[in-house]
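Enquirer: Got a predicted structure here, sequence first:
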Amino acid sequence: MPRKASGAINVGIIRERQKNGDIYIYERKTKYDPNKKYSDTISKVLIGKIVNGTDEIVDTRPKRRMADHTSGSGVTPTEITRRHVGMLDIVSHVADKSGITAEINKAVGRDRGIAQKLQTLAWYAFATDGETWPGIRAWTTKYAGLLPYRDSSISQDMYHDLFVYLGYNESIKQSVFKHRAETMGDGELLALDSTTIYTESENLNVGRSAPHKDKLIKNVYKIVEIYSITSRQPIAYARIPGNISDGTTVENALKQLDILGCPKVEIVADSGYSAESNMIMMIKNSYPFIMHIPTDTKWTQPLINEYRDKLMNGGEIIHCDPKFSGVTVMQIHDFAYERQRASKKSGLEKGDTEILSRRVYVHIYFSSLKKAEEDIKFRMQFDAVKSDLLSGAYLTPEDQKFADQYMEISYWGERITRVEVKKKAYEKRCRYHGFIILVASKEKDTNRALEKYRSREYVEEDFKNSKSHTGGNHPRVWDDDTLDGQILARFLAQSMHESFASMLRNLRDTLAIPNGDVKHDTGEKLKEEKQLKNWIRKTSMHNILSWFDAIEETKVSGKKKSGWRTEETKRDMLFVEKLGIKLRG
């Protein structure tokens, strides 16, 4: 039977030869571990060394203290700091000018810690061009003391808990929306649109399978956004399951506008929202609208046929896009809808069909270039589907629907021998190529209607920037509440992105232009502004922020205090001066 371990601590002397030939002498304490069946080292202390070529043990040099390193310099520093300050000066300015700081403080209320953390997360998503959240710990450490939240760096657990808190507290999100809606004026132009976002998480209840760009994709959800075209700012959003169609979201969007107390704004929407039921809801709620509707809509096709020859042979030239000619027709249209409640006044019961007659303006536009493009696109699709049929390749549901509608197929047994176009279906389809139909409840002007509708592209740009520059395209979360909190942080970052973009556009449009000021209108001043203008035009927002991130501030404090910062070029100083940014130092 083996002897039991005594548990005693053994002290021994060991020697370790170094690369320079010296031998270091250590006192090592060990203790046997019966479970591991070997001895663990408890401590190892350097007690001396034998210099190469000698036999005598001598003491090693003791570790120098900080005071020893600074002795003789005339300064005994108690604190030395070096910080990157230039970029955060710009970020802080954008947050204040865009109203994000005030919005968050007002929405969160008395809990300053939550407000400061949320502001810091929005700064991070904006300043890093959409880096993933795990990188925030290193980022907040790098800029310690310069961020809204200064107690510590933000860890993964901290931002996760914050997302959950924000997801549970719907009032914070709605308060942010309310604050943004209060900045709008009467007659402001709003866009209503949605974007689809893919998520890798299998645990999100909102992640559904849904058709997207002729494909069926899994685990997607949608963000429906109300966007101010006038101010180029997102106002509010809703997160919905991916399989919900765009057309069914209008009712909730109008309720959201009413709750936010929005002034009577004008709404622009694309063909995904063009159902008559949506137009009826906007009319009933007194919201003017401009709606793009498909050319195969039954009640507008007679109007296209009536004005077809006039538009194809001339018509009024559209100033915002001279490739198009256009005409506007005022029409009293009968909107039919199903009653949700019985009415004693009309004598109709719940479920009966009621007719709502309203005046609308139908704007019809035609472009021969657009018609040629759509003709070519149809022929290319026809040839591609035909090739797949003859080769026996698999057809997608969309291609199969196209084949059934436009192709005459001949068989020899089970083999396809010939594919021809259905002439009547083809002629009917191509008859309306090149046309665009807009229906407006208020806007009468043909030019202005198309110009307003085209400005809806700003919301598409907003979605693109949200995915590319604030990280909205990779939501790596495990549940819906955490997702909601993360979306709110990204939404605030995107608002900062849009605000900074507007600042740069406005600055660029005013640079290198004489204004009548003798001191300003000199050749040297205009040359400097032209150089700055070219730099802004060629440099992305993220690269502008990165450029100013090179500005550092160094401070030394002790018996003497001193500080200095990286020098800036004339162009840099002109940039911050024009934007009204105050740099530290």
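Expert: Nice, I can see it.

Enquirer: For residue 317, the count of nearby residues, please.
Expert: Residue 317 sits with 13 neighbouring residues when counted by other CB atoms under 10 Å. Any C-beta I mention is one placed from the backbone N, CA and C, and that applies to glycine too.

Enquirer: Could I get the full set of helices for the stretch 201-350 of the chain?
Expert: Ranges of helices in the stretch 201-350 of the chain, per DSSP state H, counting those that start in this stretch, are 250-259, 276-284, 301-312.

Enquirer: With mean pLDDT as new columns, can those helices be given to me in CSV?
Expert: Shown next, in CSV, are the helices of the stretch 201-350 of the chain (pLDDT from 0 to 100):
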stretch, mean pLDDT
helix 250-259, 87
helix 276-284, 88
helix 301-312, 90
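
Enquirer: could those go into JSON lines alongside mean neighbour count and distance to residue 546?
Expert: Formatted as JSON lines, the helices of the stretch 201-350 of the chain follow (neighbours: other CB atoms under 10 Å; distance: least, CB to CB, whole Å):
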{"stretch": "helix 250-259", "mean neighbour count": "17", "distance to residue 546": "37"}
{"stretch": "helix 276-284", "mean neighbour count": "18", "distance to residue 546": "44"}
{"stretch": "helix 301-312", "mean neighbour count": "15", "distance to residue 546": "50"}
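
Enquirer: would you list the ones you listed in CSV and tack on distance to residue 15?
Expert: Output for these, formatted as CSV (distance: least, CB to CB, whole Å):
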stretch, distance to residue 15
helix 250-259, 78
helix 276-284, 87
helix 301-312, 98
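
Enquirer: Please identify which of those helices is closest to residue 516.
Expert: When the helices of the stretch 201-350 of the chain are compared by CB to CB, helix 250-259 sits nearest residue 516, at 43.3 Å.

Enquirer: among the helices of the stretch 201-350 of the chain, which is nearest residue 183?
Expert: helix 250-259 (14.2 Å).

Enquirer: ok now that closest one, how far from the chain's centre?
Expert: On the basis of CA atoms, centre = their mean, to the nearest Å, helix 250-259 sits 22 Å off its chain's mean C-alpha point.

Enquirer: pretty sure residue 184 is touching residue 231, no?
Expert: Yes. Between residue 184 and residue 231 there is a contact under CB atoms under 8 Å: 7.2 Å.

Enquirer: These two: who's more crowded?
Expert: A direct count of neighbours by other CB under 10 Å for residue 184 and residue 231 places residue 184 higher, at 21 against 17.

Enquirer: OK, contacts around that one?
Expert: Under the criterion of CB atoms under 8 Å, 6 or more residues apart in numbering, the neighbours of residue 184 are 228, 230, 231, 235, 262, 263, 265.

Enquirer: From the residues you listed, which land in strands?
Expert: Residues of the contacts of residue 184 located in strands (DSSP state E): 228, 235.

Enquirer: Can you lay out the contacts of residue 184 as a markdown table showing pLDDT and distance to residue 56?
Expert: A markdown table is the format used below for the contacts of residue 184 (pLDDT from 0 to 100; distance: CB to CB, whole Å):
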| residue | pLDDT | distance to residue 56 |
| --- | --- | --- |
| 228 | 93 | 84 |
| 230 | 92 | 87 |
| 231 | 92 | 83 |
| 235 | 93 | 82 |
| 262 | 80 | 89 |
| 263 | 73 | 93 |
| 265 | 90 | 92 |
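
Enquirer: okay, the contacts of residue 184 in a markdown table with distance to residue 516 next?
Expert: A markdown table is the format used below for the contacts of residue 184 (distance: CB to CB, whole Å):
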| residue | distance to residue 516 |
| --- | --- |
| 228 | 33 |
| 230 | 29 |
| 231 | 29 |
| 235 | 38 |
| 262 | 40 |
| 263 | 36 |
| 265 | 37 |
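
Enquirer: and of the contacts of residue 184, the nearest to residue 154?
Expert: Checking these one by one against residue 154 (CB to CB), the nearest turns out to be residue 235, at 27.8 Å.

Enquirer: I'd assumed residue 253 was in contact with the closest one.
Expert: No. Proximity of residue 235 to residue 253 does not meet the contact threshold set by CB under 8 Å, at 10.6 Å.

Enquirer: which neighbours do these two share?
Expert: residue 226.

Enquirer: follow-up on the earlier one: of the contacts of residue 184, buried ones?
Expert: Buried by 16 or more other CB atoms under 10 Å: 228, 230, 231, 235, 262, 265, out of the contacts of residue 184.

Enquirer: Please name the residues that touch the fourth one.
Expert: When contacts are counted by CB under 8 Å, 6+ apart, residue 235 touches 177, 180, 181, 184, 190, 226, 227, 228, 260, 262.

Enquirer: what's the nearest residue to the spatially most central residue of the chain if we skip its chain neighbours?
Expert: In the chain, the C-alpha nearest the mean C-alpha coordinate belongs to residue 466, at 1.2 Å (CA atoms, centre = their mean). Using CB to CB, 6 or more residues apart in numbering and skipping the chain neighbours, the partner closest in space to residue 466 is residue 472 (4.1 Å).

Enquirer: Specify the local secondary structure of the one you found.
Expert: coil (DSSP: H, G, I helix; E, B strand; the rest coil).

Enquirer: count of neighbours near it?
Expert: Around residue 472 there are 23 residues (other CB under 10 Å).

Enquirer: what does residue 208 give?
Expert: 17.

Enquirer: Other residues contacting stretch 159-175?
Expert: 103, 106-108, 114, 117-118, 121, 133, 136, 259, 477, 480-486, 488-489.

Enquirer: Which ones among those residues map onto helices?
Expert: 103, 106-108, 114, 117-118, 121, 136, 259, 480-486, 488-489 (DSSP state H).

Enquirer: Just the buried residues out of these, in ChimeraX syntax.
Expert: Selection of the buried residues among the ones in helices among the contacts of stretch 159-175 in ChimeraX, burial being defined by 16+ other CB under 10 Å:
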select :103,107,108,114,117,118,121,136,480,481,482,483,484,485,486,488,489
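
Enquirer: isn't residue 135 right next to residue 128, touching?
Expert: Yes. Judged on CB under 8 Å, residue 135 makes contact with residue 128 at a distance of 6.9 Å.

Enquirer: If you count surrounding residues, which of the two has more?
Expert: Counted by other CB under 10 Å, residue 135 and residue 128 do not tie: residue 128 has more neighbours, with 19 against 11.
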